[in-house]
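> with the sequence up front, the predicted model follows.
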Amino acid sequence: MATTPELIHSYISAGLECTHLQVEGDGQHFTAVIVSPAFAGKRPIQRHQLVYAALGDRMREEIHALSMKTLTPEEYQG
């Protein structure tokens with residue numbers, strides 16, 4: 001089954017509390033805007049690690065490339 005933006009959206013939202021989540025892509029390369037209170041106080045690499053943890057093995061097996069913008073709710077509104 002081909003990976004779709006909708007699938008990635010469901011994977012991330014199942015593993016990470018998000019107040020806003022937008023995923024776009026062409027089946028190979030994807031971009032995501034992820035807004036989560038879990039990112040508060042975290043450096044960018046730590047935020048990405050939280051997303052990778054939510055995606056699990058799918059990051060290696062199904063998703064070729066994922067570019068992320070990770071924000072707290074306060075950063076997103078600011």
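Yep, it's here.
> tell me the confidence at Met1?
For Met1, the pLDDT comes out at 67.
> quick one: the strands in the chain?
Along the chain, counting by DSSP state E, strands occupy 20-25, 29-35, 65-71.
> next, count neighbours for the closest residue in space to Ile34 that isn't next to it in sequence.
Nearest residue to Ile34, sequence neighbours excluded (C-beta to C-beta, 6 or more residues apart in numbering): Thr70, at 5.1 Å. For glycine as for every other residue, the C-beta is placed from the backbone atoms N, C-alpha and C. Neighbour count for Thr70, taken as other C-beta atoms under 10 Å: 22.
> so which residues of this structure form helices?
With DSSP state H, the ranges of helices along the chain come out as 5-15, 44-55, 58-61, 73-77.
> tell me what the first one is packed against?
Translated: helix 5-15. If contacts are counted by 3 or more C-beta pairs under 8 Å, 6 or more residues apart in numbering; DSSP states H and E, helix 5-15 sits against strand 20-25, strand 29-35, helix 44-55.
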